[in-house]
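# can you look at this prediction? I've put the sequence above it.
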Amino acid sequence: PGDSDNDGVSDDAECPSGPPYTDTDGDGIPNYNDPDHNTLVRDLSLSAKADAAGVRIEWSNGWEVDNLGFQVYREVYGEPVRVTPSLVSGSALLAGPGTILPAGHNYAWHDPTGLPQDRYWLVDMDVDGQRTWHGPIRARLADTLVPPPLTTPLLTQLGQQKTHRDPARVSLARDITDTTSRPRVTTPPQPPVWETPGLSPAAIQYALAAAPALRLAIRDQAWYHISQADLLQAGLDPQVDPRHLQLFAGGYPQPLHIVGDDDGQFDPGDAIEFYGEGLDTPWADTQTYWLVVGSQPGARLQQVTALGQPPASASFAFTVEQRERSVYIAAIRNGLDENFFGAVVAADPVEQVLHLTHLDPAPSGEARLVVNLHGVTSQTHPITVRLNDREVGSLTVAGRIPAAGEFTVPHRWLQPGANVVTLAGAGEERGVSVVESVQLTYWRTYRAEDDLLRCTARDRQPVSLRGFTTDAIRVFDITDPETVHELVGSVTAENQTYRVSVAPQRPGVRTLLAIGDAQSRAPLAITANHPVAWHRPDQGADLVIISHATWLDSLIPLQTLREQQGWSVALIDIQDLYDEWNFGNKTPQAISDFLWHAVAHWRTPPRFVLLAGDASFDPRGYLGQGLSDWVPTAWVNTAEMETASDDALADFDGDGVADLAIGRLPVRSVTEADNVVAKLAAYETATGSWRSQSLVVTDHPGDFDFAGASQPVIRQLGSAMTVTALSAGMTPFDEARRQLHELFGTGQLLVTYMGHGSIERWQAQGLLTTSSIHELTNGPHLPVVLSMTCLNGFFHDLYTESLAEALIRAPQGGAVAVWASSGLTRPTAQTDMQQTLVTHLLSDERPTLGEAIRAAKISITDADVRQTWILLGDPTLRLKLNP
């Protein structure tokens with residue numbers, strides 16, 4: 001067909017014969033060059049930049065729907081070869097199938113083996129499996145070194161890779177520092193509050209958080225041993241009577257074993273021991289154990305003689321689970337459950353590998369395979385299940401809901417080592433699912449591995465636990481963590497190894513942990529508690545600032561500024577709230593519980609809340625990008641997706657509106673915190689004519705007349721200031737973009753955008769983007785920005801910086817506050833809410849930004865709009881309108 005895109009390269013040259021290129025509308029122009037092709041990804045911009053580290057391919061689009069993901073190809077000897085091992089995840093996993101992103105999204109991939117002049121293609125794949133080719137483009141040598149920003153995550157690759165953790169987040173007990181400011185953990189002068197009989201777990205925790213204590217961070221189910229030296233280094237007084245040491249978790253006493261406490265002295269060589277286990281919540285995998293000194297002995301580990309005699313059971317039912325958490329899907333609206341899943345089951349089969357050890361050659365039953373999936377697409381679709389290349393059955397995924405299949409499997413099909421479960425779509429109906437978990441229960445012999453065995457046995461049932469390399473074997477009944485006890489059995493030598501025979505003494509099926517003497521563990525960290533008592537009724541503040549400890553000092557100037565303006569301010573470490581309201585364990589519910597308690601019980605109830613720290617959809621660090629969830633947010637289900645809502649943290653009556661005015665400074669470092677606080681301070685003293693200027697920017701009319709809808713707001717603003725209207729529908733793009741940057745630079749008190757948007761942009765072509773924001777130089781002329789569009793406030797994204805965040809963080813200008821949405825909503829309710837907000841901001845009462853926002857949300861009934869509009873800024877800020 002010639003050169004259909006007029007780029008000087010013929011269609012034949014751009015379209016080698018290898019891939020199955022299509023011409024959907026039959027006009028003789030292949031889809032990848034056809035402007036008439038109704039693709040699910042439109043207005044696509046594609047670039048490739050090369051440097052010594054390879055080639056970075058970046059692409060963005062101005063419209064996207066039903067896009068499962070992308071694949072990147074590089075030409076090798078005239079044929080395209082795929083360089084992405086799997087799909088780069090697309091809009092269907094963010095917003096769900098059928099939901100349009102009218103302003104698209106940004107993506108990137110790094111090809112480490114790419115070279116300058118290499119040619120690349122991009123393929124988008126929809127939820128039905130249809131592929132559309134884009135390109136080719138040629139890699140150009142970058143003018144400067146290409147920075148290594150995060151690569152957009154893959155689907156199946158992320159879904160099957162092992163979770164890795166940032167080692168910087170783990171501190172061993174012997175690496176503890178900060179010995180100068182630590183409180184000393186010593187014998188209390190009188191019986192402590194937590195020893196009062198009849199206290200609830202919550203009341204006990206209040207007392208623990210308010211006392212000197214050592215916090216032990218526990219992640220794994222294991223037997224823990226902590227030496228006297230490590231405890232003293234962390235702050236324990238060496239003069240304490242070890243018999244009075246007490247251990248708590250979740251507000252309950254935990255059995256503790258003291259090594260060497262007979263003499264009442266805590267000597268070198270003494271230690272404490274206990275059974276501990278972590279958490280498995282959407283927010284944390286680590287549980288805090290509290291070690292304190294009381295006036296009497298606490299709970300102690302009991303030893304029970306439990307000799308077992310043959311005949312003993314040869315094996316027990318043991319479950320191996322593959323439960324990856326590597327693909328984030330906001331489109332699955334599952335409430336408080338996690339939105340992380342494993343491998344994506346789409347057009348290609350997916351393998352899940354389960355490793356089995358010590359199979360019983362003569363089992364007393366068959367094996368059981370359980371497959372848990374969750375549908376991503378709405379259509380019903382069958383999935384076939386195979387184990388070690390044998391078909392075991394199928395299950396049906398009936399839309400965007402969970403689906404489970406349970407299969408009985410002949411035990412002889414299993415093999416030592418890797419056992420492969422294959423999941424594949426079946427039939428003509430193509431759908432997309434994700435793996436939640438795969439479990440295989442088999443009969444395992446009572447044989448230790450690396451001197452460690454976790455097993456089950458019935459009461460009074462003798463069991464012989466074999467394969468230990470030492471005769472120093474200890475067995476614990478850990479069925480109930482609060483009543484853990486040690487079983488004393490008989491140890492005998494057996495074929496150059498050792499075995500221990502025991503019989504559980506309590507009723508029911510018991511869970512046992514057997515270890516050799518070298519298998520005790522150390523906590524992830526031991527830290528001294530800094531006593532706090534925010535629960536006390538004599539506390540009070542108009543404004544509470546809840547911050548991560550890293551930049552608490554950076555917020556002191558803001559605290560001082562607001563106090564000088566007449567507000568009372570409490571500056572709170574987020575860990576304090578975890579300590580008092582969730583036993584030391586991370587959860588956003590601790591923020592909600594604290595705020596409710598403060599409103600109900602404080603002498604001066606708070607009216608404003610400022611969260612200081614970024615949040616993330618990956619609070620547990622599944623994707624291996626380090627700590628990104630500094631001050632967590634809440635999650636809410638909307639009509640289109642699950643997303644973040646800071647309002648939900650203070651929404652006590654569940655009406656979608658926070659009962660306190662709430663805002664956030666989404667900072668990630670001390671430098672950013674210093675910068676944002678400096679901007680807030682500068683705003684209070686800035687002068688000039690810009691404080692009488694306002695800018696209203698509108699998108700192309702399209703399916704909604706944004707320019708028309710802006711007229712009431714323009715009239716409102718015009719009654720108090722000079723208004724400039726900039727319509728993308730009436731102005732060529734380049735000129736509109738130039739004018740926008742110029743108007744930002746001259747200074748505006750209030751900037752409003754009404755139109756389509758996405759996480760990183762205004763308008764499909766990118767009238768304003770996160771990258772162009774860094775070009776702004778409006779300095780001290782900092783506007784309040786009202787972003788009446790979708791997703792600009794999706795601040796919890798791990799891979800991109802939202803436009804609202806970029807405006808707040810911009811070091812040379814940007815904005816002092818941004819009001820933006822973390823979701824996808826209709827423009828009608830947005831417009832009504834915006835008009836009410838402007839009315840209140842311009843009223844004679846001059847309310848704070850937070851108060852005006854609450855009033856605006858109360859004026860509408862759309863729950864999604866109420867919940868998803870987030871203030872990135874200080875809710876006590878007042879619009880500095882010139883008189």
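Arrived safely, thanks for sending.

# run the chain-centre distance for the strand or helix carrying Y442.
For Y442, the enclosing helix or strand under DSSP states H and E is strand 433-445. Distance of strand 433-445 from the chain centroid (Cα atoms, centre = their mean, to the nearest Å) equals 25 Å.

# pairing partners for the helix or strand just after that strand, with directions?
Using DSSP H and E, the helix or strand that follows strand 433-445 towards the C-terminus is strand 452-458. Note on strand 452-458: by DSSP bridges, its sheet partners are strand 509-516 (antiparallel).

# can you name every helix or strand that the helix or strand following the strand it pairs with contacts?
Downstream of strand 509-516, the first helix or strand assigned by DSSP H and E is strand 525-528. Helices and strands touching strand 525-528, by 3 or more Cβ pairs under 8 Å, 6 or more residues apart in numbering; DSSP states H and E, are strand 214-218, helix 228-234. All C-beta atoms are positioned from the backbone trio N, CA, C, and that covers glycine.

# same thing but 6 Å
Here strand 525-528 touches strand 214-218, going by 3 or more Cβ pairs under 6 Å, 6 or more residues apart in numbering; DSSP states H and E.

# so which residues make contact with the strand it packs on?
185, 234, 276, 278, 286-289, 291, 523-527, 529 (Cβ atoms under 6 Å, 6 or more residues apart in numbering).

# who does that strand pair up with?
When pairs are called by DSSP bridges, strand 214-218 turns out to pair with strand 287-293 (antiparallel), strand 525-528 (antiparallel).

# let me know the secondary structure of L208.
helix (DSSP: H, G, I helix; E, B strand; the rest coil).

# list the contacts for it?
By Cβ under 6 Å, 6+ apart, the neighbours of L208 are W194, W290.

# same question for L387.
V409, V421.

# just the pLDDT at it, thanks.
You'll see L387 listed with a pLDDT of 98.

# check T163 too.
According to the model, T163 scores 32 on pLDDT.

# rewinding a little: quick check: angle from the strand holding Y442 to strand 452-458?
Here the directions of strand 433-445 and strand 452-458 differ by 80 degrees (axes from the mean of the first three to the mean of the last three Cα atoms, to 10 degrees).

# beta-bridge partners for S433, please?
Partner residues in beta bridges with S433, using DSSP bridges, are V345, G375.

# please name the nearest non-neighbouring residue to the residue most central in space within the chain.
Of all residues in the chain, the one closest to the mean position by Cα atoms, centre = their mean is D618, 1.7 Å from it. Nearest non-adjacent residue to D618, counting by Cβ to Cβ, 6 or more residues apart in numbering: L798, 5.1 Å away.

# and the one you found, how far is that from F341?
15 Å (Cβ to Cβ, to the nearest Å).

# kindly report the same for A634.
A634 is 21 Å from F341, by Cβ to Cβ.

# name the residue in the two with the higher neighbour count.
F341 (26 against 20; other Cβ atoms under 10 Å).

# and that one, what is it in contact with?
F341 touches V327, V434, E436, counting by Cβ under 6 Å, 6+ apart.

# switch to 7 Å and redo it
Counting by Cβ atoms under 7 Å, 6 or more residues apart in numbering, F341 touches V327, I329, H374, V434, V435, E436.

# from those, pick the one nearest I383.
Nearest to I383 among those, counting by Cβ to Cβ, is V435 at 10.0 Å.

# buried ones in stretch 568-582?
Buried residues in stretch 568-582, counted by 16 or more other Cβ atoms under 10 Å: 569-582.

# can I get the one helix or strand I204 maps to in CSV, CA atoms only?
Taking DSSP H and E as the criterion, I204 maps to helix 201-209. The C-alpha trace of helix 201-209 is given here as CSV (Å, rounded to 0.1, in the frame of the first residue of the first chain):
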residue,chain,number,x,y,z
PRO,A,201,-6.2,-6.2,75.7
ALA,A,202,-6.7,-2.6,74.5
ALA,A,203,-6.2,-1.2,78.1
ILE,A,204,-3.1,-3.4,78.6
GLN,A,205,-1.7,-2.0,75.3
TYR,A,206,-2.3,1.6,76.4
ALA,A,207,-0.2,0.8,79.5
LEU,A,208,2.6,-0.9,77.6
ALA,A,209,2.9,1.9,75.1
